[in-house]
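A.B. asks: coordinates for the following, if possible.
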Amino acid sequence: MKQVIILSIFLTLLLVSCQNNEKSNLVLFSDQIPTDTALIFGQGIISTDDAMEFAITFNPEMNELYFTRRKPEEENEIYSMKLVDDKWSAPEAAFFSTNNSKHWDFEPHINPKGDLLYFGSLRPLNDTIESSGMHQWYLKKNEDGWSQPIPLETPFVDRFVMYITSSENNSLYFTSSENGQGGIYYAIREQGQDVSIKKMGKEVNTGANIAHSYIAPDESYMIFDGERPSGFGDCDLYISFKENGVWTESYNLGSKINTEMCEMTASVSPDGKYLFFHRGGGKEDSGNIYWVDFNKIKKELKENLNSN
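C.D. replies: Numbering: from 1, shown residues only. Model (predicted):
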């Protein structure tokens, strides 16, 4: 009987160990997996020396990804990759790309359910020849794949909107501006259908160039970038937690993430393990996508906050 119990415990521990050591599709890009020190993601494949890469997103199964690339003296373009037979395909311009230097696309985001893909674009809203400015578009996932792009309608089409991310209940968070006041905004549904846009409070919208919000699927935290006097460089990543329905003050993610360069356009892998962000020259056409163990960073941050 004792031997049976010992064998049962051994098998249980072995199963847990295998589950903990199970590798995600993302580690196929490198033999070196990040801990609390950020590493370049997909070096030479996604992140290259001759372009600026930023704003990466994954489908829930993490076998399809999209990111933005801007080559020197060119405009933003969305690239896509798929996992086929345990190998990632080479980056290619997304099928919905305009292939028009005047109508560039950027900053894709797949919602947590994996059935919507949002992105920003300068393409015309209709059959007019010239673009009417930047607008947000989306694709629907169906049995045959992604649909053709559809423009977001009112109230989004009537205002500046950039870098949309979505929660599990389809709440949208994004960069916007009204009455000359830029920052992070969100959309809520009122009376079932009508969409109302609200501005986040000073807990988030404090400082300069507050932008590029990533909302957690369960809306338990938000990561964004901005400039504050206490920051480390050009633009830093910050996080705010939602506790009992209220957003906390936002905290700098610290020197292990933020540097004298610009860190921006954060996202988190669908399994919650890795934080992705751009680090580079900001407005310059340089910099790569980095990744880091998000659970470790978040745990250390909360421990530091609780000890103060």
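A.B. asks: can you pull the contacts of residue 228?
C.D. replies: For residue 228, the contacting residues are 206, 207, 208, 236, 238, 252, by CB atoms under 8 Å, 6 or more residues apart in numbering. The way it works is simple: take the backbone N, C-alpha and C, and place the C-beta from them, glycine included.
A.B. asks: for those residues, which one is nearest residue 140?
C.D. replies: Closest to residue 140 out of the contacts of residue 228 is residue 238 (32.3 Å), distances taken as CB to CB.
A.B. asks: how confident was the prediction at the nearest residue to residue 200 once chain neighbours are set aside?
C.D. replies: Of all residues not flanking residue 200 in the chain, residue 184 sits nearest, at 4.4 Å (CB to CB, 6 or more residues apart in numbering). Looking at residue 184, its pLDDT is 98.
A.B. asks: check residue 129 too.
C.D. replies: What the model reports as pLDDT for residue 129 is 59.
A.B. asks: if we can go back for a sec, can you turn the buried part of the contacts of residue 228 into a PyMOL selection?
C.D. replies: Remark: buried members of these, expressed as a PyMOL selection using 16 or more other CB atoms under 10 Å:
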select buried, resi 207+236+238+252
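A.B. asks: ok, the residue lying closest to residue 288 once chain neighbours are set aside to residue 174 distance?
C.D. replies: The shortest distance from residue 288 to any non-neighbouring residue, by CB to CB, 6+ apart, is to residue 47 (3.5 Å). Noted for residue 47: a distance of 25 Å to residue 174, by CB to CB, to the nearest Å.
A.B. asks: one more: residue 202?
C.D. replies: Distance from residue 202 to residue 174, by CB to CB: 18 Å.
A.B. asks: ditto for residue 59
C.D. replies: For residue 59, the distance to residue 174 equals 20 Å [CB to CB].
A.B. asks: hmm, which helix or strand of this protein has the shakiest average pLDDT?
C.D. replies: One helix or strand of the chain scores below all others by mean pLDDT, DSSP states H and E: helix 2-20, with a mean of 41.
A.B. asks: helix or strand right after it?
C.D. replies: Following helix 2-20 in sequence order, the next helix or strand is strand 39-40 (DSSP states H and E).
A.B. asks: in the stretch 201-308 of the chain, which spans are strands?
C.D. replies: Counting by DSSP state E, counting those that start in this stretch, the stretch 201-308 of the chain has strands at residues 208-215, 221-227, 236-243, 246-247, 251-252, 262-268, 274-280, 287-293.
A.B. asks: can I get those strands in TSV including distance to residue 113 and mean pLDDT?
C.D. replies: Formatted as TSV, the strands of the stretch 201-308 of the chain follow (distance: least, CB to CB, whole Å; pLDDT from 0 to 100):
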stretch	distance to residue 113	mean pLDDT
strand 208-215	14	98
strand 221-227	19	98
strand 236-243	20	96
strand 246-247	24	96
strand 251-252	29	96
strand 262-268	16	97
strand 274-280	20	97
strand 287-293	23	97
